[in-house]
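> Give me a model of this one.
(one chain, ligands or ions: 1)
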Amino acid sequence: MAAVRALRFHGPGDLRLEEVPRPEAGPGDVLVQVEVALTDGTDLKTFRRGHPLLLDRLPSPFGHEFCGVDVATGRRVVAANSAPCGACGPCRRGQETLCEDRPLLNGAYAEFLRVPERIARTNLLPVPDRLAPEVAAMVEPLACCLHGVERSNAGPGQTVAIVGTGPIGLMLCACVADAGARPVAVGGRPERQALPLLFGGATGPGDGADVVIEAAGTAESWSRALELVRPGGTVVFFGGRERGTELAVDSYRLHYEELTLRGSFHHTPRHVRTALAFLASAAYPWERLVTHDVPLEGVAALFADPPRDLLKAAVRP
Ligand SMILES: [Zn+2]
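Numbers count the residues shown, from 1 in each chain. Okay, the predicted model is just below:
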């Protein structure tokens, strides 16, 4: 059996490039030769702390944003990292992001990746001609952002403060602008202040916003989001935090100011399709979100000491 190279996660801080058997596609599966995988904040967090979904079974395949070639057909494809079952209670209620039977696909930091049948059937899409693979590979995080903006009900005439100026914050700017609202990126490093402008947003304090979307995933950013929203406004908590962490909410404000607080997690097949079309529209300079390029050998060092200007790195096996 041919050996291929894959990065595997052995525990916090321990990512190893290994020779593994080339994956084989079962019935309905699609074997993808990875052209490019993208790093994201979740991978970085997982590298440092581990992750309940990955720590399950070690060593674990790693990485979940990718674009590659379907080995059987030669087509360039992208796929989301999961697909809803369509049969459980939440799926039947139309809440596919809460699907109770949804294995997550990992293993994009590798030469080959087996996309299991359910994802291949539901959330694997051909990449439009002329769309660069490293841009197409953003389909999964952008689908999450589209879902988040839908959860916010942001629309024309509204100001939407986005707390966080990482790749997710910038994608959220573009999605908010596309929904007809005015995105304002709040906080972030001084060297990132020019970036929101490229994605339809402005920078500013964001106070009194009609809608606030939290996109940094820290205790401070969650509290900040609450402080910024105007009476009658909506806060969407987009950046995930660990189980057991709590949020202090002023009951007086929640009641007398009629605040709406919502969570947003993951994506649906509809958002995955919309995200790929949005990327292909070239409405925004998506390629600017890829600031670094590394081979598989370079990923562990990149995660161990991320450059200050890192947004996303393109990993080319
Ligand atoms: Zn389901």
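> Once you drop chain neighbours, what's closest to residue 34?
residue 68 (4.3 Å; Cβ to Cβ, 6 or more residues apart in numbering). In short, each C-beta sits where N, CA and C put it, glycine included.
> Run through who's touching the strand or helix carrying that neighbour.
Using DSSP states H and E, residue 68 maps to strand 65-70. Strand 65-70 is contacted from outside by 30-40, 75-79, 81, 108, 113, 127, 133-134, 136-141, using Cβ atoms under 8 Å, 6 or more residues apart in numbering.
> Which neighbours in the sheet does that strand have, and how are they oriented?
In the sheet containing strand 65-70, its partner strands are strand 30-38 (antiparallel), strand 76-79 (antiparallel), by DSSP bridges.
> which residues touch the shortest one?
Contact with strand 76-79 is made by 30, 32, 35, 66-70, 105, 115, 119-120, 123-127, 133, 136-137, 139, 276, as judged by Cβ under 8 Å, 6+ apart.
> Kindly recompute the last result at 6 Å.
67, 69, 70, 115, 119, 123, 124, 125, 126, 127, 136, 139 (Cβ atoms under 6 Å, 6 or more residues apart in numbering).
> Run a quick neighbour tally on the spatially closest residue to residue 264 that is not a sequence neighbour.
Nearest residue to residue 264, sequence neighbours excluded (Cβ to Cβ, 6+ apart): residue 148, at 4.0 Å. Using other Cβ atoms under 10 Å, residue 148 is surrounded by 30 other residues.
> Taking the contacts of strand 65-70, please make a PyMOL selection of just the buried ones.
In PyMOL, this line selects whichever of the contacts of strand 65-70 come out buried by 16 or more other Cβ atoms under 10 Å:
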select buried, resi 30+31+32+33+34+35+36+37+38+39+40+76+77+78+79+81+108+113+127+133+134+136+137+138+139+140+141
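> so residue 48 is in which element?
helix 41-49.
> could you give me the average pLDDT of that helix?
In this model, helix 41-49 has an average pLDDT of 90.
> got the CA positions of that helix in CSV?
Output of helix 41-49 as CSV, limited to C-alpha atoms (Å, rounded to 0.1, in the frame of the first residue of the first chain):
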residue,chain,number,x,y,z
GLY,A,41,-8.2,30.1,14.7
THR,A,42,-9.7,26.8,15.8
ASP,A,43,-6.7,24.8,14.6
LEU,A,44,-4.5,27.3,16.5
LYS,A,45,-6.5,26.9,19.7
THR,A,46,-6.5,23.1,19.3
PHE,A,47,-2.7,23.0,18.7
ARG,A,48,-2.3,24.9,22.1
ARG,A,49,-4.9,23.3,24.2
